[in-house]
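Student: Predicted coordinates and the sequence they were generated for:
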Amino acid sequence: MSPAGSPLVVAGAGLAGLSVALAAAPRPVLLVGGNAGSASALAQGGIAAALGPGDRPALHAGDTIAAGAGHNDAGRVAMLVDAAPGAVAWLAAQGVAFDRDGEGWALGREGGHGRARIVHAGGDASGHAIVAAMARAVAGAAHVTRLPSHRLCALALSESDAIAAVRLAGADGSTLDVATDALVLATGGLGALFAATTNPPSADGNGLALALEAGAPGRDLEFVQFHPTALAVPGEGPLPLLTEALRGAGAVLRDARGEPVMAGRHPLGDLAPRDVVAREVWRRRQAGGGVFLDMRGLGGAGLDAFPTAVALCRRHGIDPRRDLAPVTPAVHFHMGGIAVDADGRSGLPGLHAVGEVACSGVHGANRLASNSLLECVVAGRALGARLSAHRDARIRAAPRRWVHPGAGANAAALRMLRGLLWRSMGPERDDATLAEAERILRVEASLARTWQARLALRLLHAARIRRASLGAHHRVDG
Ligand code: SIN
């Protein structure tokens, strides 16, 4: 394919990638990757928007910045919350059937929100419902070609370090080179690099690692969010999530004696921002006590709005109508990522990023609940619309050098790395543990030259140089 007629390549088909692809019409789009296993599809939270009586985008902005510990870019927060009601309407126009309450939206509440402002679709199956509707809309869009079984494995830069081509790997081991002057990374987060996470295995930081390798600057890499209520069950792989909306509907965190854990800890109690609740749960578990989510007060009817959480509990032998569910913090979201400007541009011409892989500064040091799917849609739509016509004058198309992520860790090495990152970059951090993790990553032969270790070292470095606690980055020695 010649660069003149080159498609916009979008790597990642979660909600951010789907939104870019749809909004980029009529420009030809090559959408790479499947959406079924994306973090978007697993999301139980919905989309935050100031839609309720008396609510205003400015109040939504205030909660976003309070949760983000003031580290947010206020201008980008304003753009996000102002666009939120329109994003909900746009999704509804794409076929998303949001839950209704009579004539209006059914609005739920989650941690850090001063009022009920979360729209869901299919209760806590929101991510699945939203992604399914968007995937149907994309399937009907003539300008989008899908390669659901391929993944981005390398990119080529031109003489002027602009995107010139991408290499896509098929499931059968074949590769496909595509000339392009515009690549959007929508590859999601990196929770799968941690032992305890709610993220799917595909959220392993691969897009971020490739962009950093190519020379794109990263930002805020130390800010990793911990969700306070993953179901504490044994085994490898993602931990089942018990959505914050359960606490919004009245579920309570209790200790083993049945005492409420968040009483007196924060004015919002069980609905304090996620970092506050996650640290409380973490400390109690570190001290040897269990923490449990008590959903009994919701009753059968209340639990009907949470089919996903109920099914996850039942799969692990817990009946939420009568049992308490043991919970643990788990990595849930990366606030850091590829540094992008307000228009989704990275530091490399032609390379754009959107959604969790990007860091625009909107989430600050700790993301507010249900602002992530919102960001995927708002930033994705804006980026797609900009790229529908835009050509970057700085871009010279001829590839000069290929950038590959490098060797990947084998399963045993990856297990070691996940344990190391969880112990050193978990809800509480100190320099000695961070430094020891760095040392091991450098000397351990099975990890030393892998892309996962290189990315982990970037995170550890960022966590070491931020000596004071801020938001989700909590230094016990700071
Ligand atoms: C949740 O449902 O608790 C998670 C929502 C989110 O990550 O925003």
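Tutor: Looks like it arrived, so ask away.
Student: SS state for Arg167?
Tutor: Three-state assignment for Arg167 (DSSP: H, G, I helix; E, B strand; the rest coil): strand.
Student: Looks like it contacts Ala154 (just checking).
Tutor: Yes - under the criterion of Cβ atoms under 8 Å, Arg167 makes contact with Ala154 at 4.0 Å. (Glycine included, C-beta is placed from N, CA and C.)
Student: In which helix or strand does the residue of the chain found nearest the ligand reside?
Tutor: Residue of the chain nearest the ligand, by Cβ to the nearest ligand atom: Gly45 (2.4 Å). For Gly45, there is no host helix or strand (DSSP states H and E).
Student: hang on, the earlier thing: common neighbours of Arg167 and Ala154, please.
Tutor: Counting by Cβ atoms under 8 Å, 6 or more residues apart in numbering, the contacts common to Arg167 and Ala154 are Trp402.
Student: out of everything not next to it in sequence, what's closest to the residue of the chain closest to the ligand?
Tutor: Ser370 (4.3 Å; Cβ to Cβ, 6 or more residues apart in numbering).
Student: Show me which residues of the stretch 201-350 of the chain sit near the ligand.
Tutor: For the stretch 201-350 of the chain, the residues in contact with the ligand (Cβ under 6 Å from any ligand atom) are Thr243, Glu244, Ala245, His332.
Student: Identify the residues contacting the residue lying closest to Gly122 once chain neighbours are set aside.
Tutor: Nearest non-adjacent residue to Gly122, counting by Cβ to Cβ, 6+ apart: Ala129, 4.2 Å away. Going by Cβ under 8 Å, 6+ apart, Ala129 touches Val96, Ala97, Ala121, Gly122.
Student: Would you confirm that Ala129 belongs to a helix?
Tutor: Yes - Ala129 sits within a helix when classified using three-state DSSP.
Student: Just give the number of residues close to the residue of the chain closest to the ligand.
Tutor: The local packing of Gly45 (other Cβ atoms under 10 Å) involves 26 other residues.
Student: That one: what's it in contact with?
Tutor: Contacts for Gly45 were tallied using Cβ under 8 Å, 6+ apart; they are 110, 118, 120, 124, 126-127, 243-245, 369-370, 372-373.
Student: Show me the residues of the stretch 201-350 of the chain next to the ligand that map onto strands.
Tutor: His332 (DSSP state E).
Student: between the residues of the stretch 201-350 of the chain next to the ligand, which is nearest Ala196?
Tutor: Distance to Ala196, by Cβ to Cβ, is smallest for His332 among these, at 9.9 Å.
Student: tell me the contacts of the closest one?
Tutor: Gly191, Thr197, Thr198, Asn199, Gln225, Phe226, His227, Ala230, Leu241, Arg274.
Student: Now the first one: closest residue in space that isn't a chain neighbour?
Tutor: Looking back up the chat, that one is Gly191. Closest residue to Gly191 apart from its sequence neighbours, by Cβ to Cβ, 6+ apart: Asn199 at 3.0 Å.
Student: That neighbour is in contact with Pro238, isn't it?
Tutor: Yes - the criterion here is Cβ under 8 Å, and Asn199 meets it with Pro238 at 6.1 Å.
Student: Which residues are in contact with each of these two?
Tutor: Counting by Cβ under 8 Å, 6+ apart, the shared contacts of Asn199 and Pro238 are Gly191, Ala192.
Student: These two: which has the busier surroundings?
Tutor: For Asn199 versus Pro238, the count of surrounding residues by other Cβ under 10 Å is larger for Asn199: 29 against 20.
Student: Phe226 in helix, strand or coil?
Tutor: Following three-state DSSP, the label given to Phe226 is strand.
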